[in-house]
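# make a model of this:
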Amino acid sequence: MKNELVEEMFLELQKMGLSPAKGKDSDITVDCELMDAKVGSGEKKISYENSILVDEKARMVFLYEKTTEKSKGFSFGSSSESSFQSGKTLSRHVKGSFLGIDGTMVNYDLDIGGISKIIKSLAGKSGFKCKTVIRRKNAER
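Have a look, this model is predicted:
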């Protein structure tokens, strides 16, 4: 049961273009850049990482997530972000655009909260509960 659930989660994360990896300290880990845009003298990066550990005995999936956002330089643009927090779960949607001094426009629309929704949905369908943890070590062996 655990192997099937891990494989299903892995494939869904792959479909999202997140480049998951199996093994090591967790069943699945992701460490990727969701956005890396350089426009003129401006730059915006959004990085995402997670660790997923499936505990078959406890019928529990432990999920650790972290996003890092960095902006620097000079650019013109607009952005909006909506977020919703329930307990330790943060659903985050980042959307915007910016214009570099060379006239190049970059648009972005990222539903970061959608990643955890998929993991929780797959866990629930398999009869597992999902617990979001705030320390990576709590989603490791």
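
# for this protein, which residues score under the pLDDT cut-off?
Counting by pLDDT under 70, the ranges of the chain that qualify are 39-42, 73-91, 98-103.

# can you pull out the strands in it?
Using DSSP state E, the strands found in the chain span residues 21-22, 28-39, 42-55, 60-72, 76-86, 89-99, 105-111, 129-133.

# ranking those by burial, who's on top?
Stretch with highest mean neighbour count among the strands of the chain: strand 42-55 (a mean of 20; mean count of other Cβ atoms under 10 Å). All C-beta spots, glycine's among them, are computed from the backbone N, C-alpha and C.

# give me the neighbour count for Lys125.
10 (other Cβ atoms under 10 Å).

# picking up where we left off before, wait, which of the strands of the chain is closest to Lys2?
Lys2 sits nearest to strand 42-55 of all the strands of the chain, at 5.0 Å, using Cβ to Cβ.

# what helices and strands are in contact with that closest one?
Helices and strands touching strand 42-55, by 3 or more Cβ pairs under 8 Å, 6 or more residues apart in numbering; DSSP states H and E, are helix 2-15, strand 28-39, strand 60-72, strand 89-99, strand 105-111, helix 113-125.

# chain center to the third one: distance?
Its chain's C-alpha centre lies 6 Å from the corresponding centre of strand 60-72 when counted by Cα atoms, centre = their mean, to the nearest Å.
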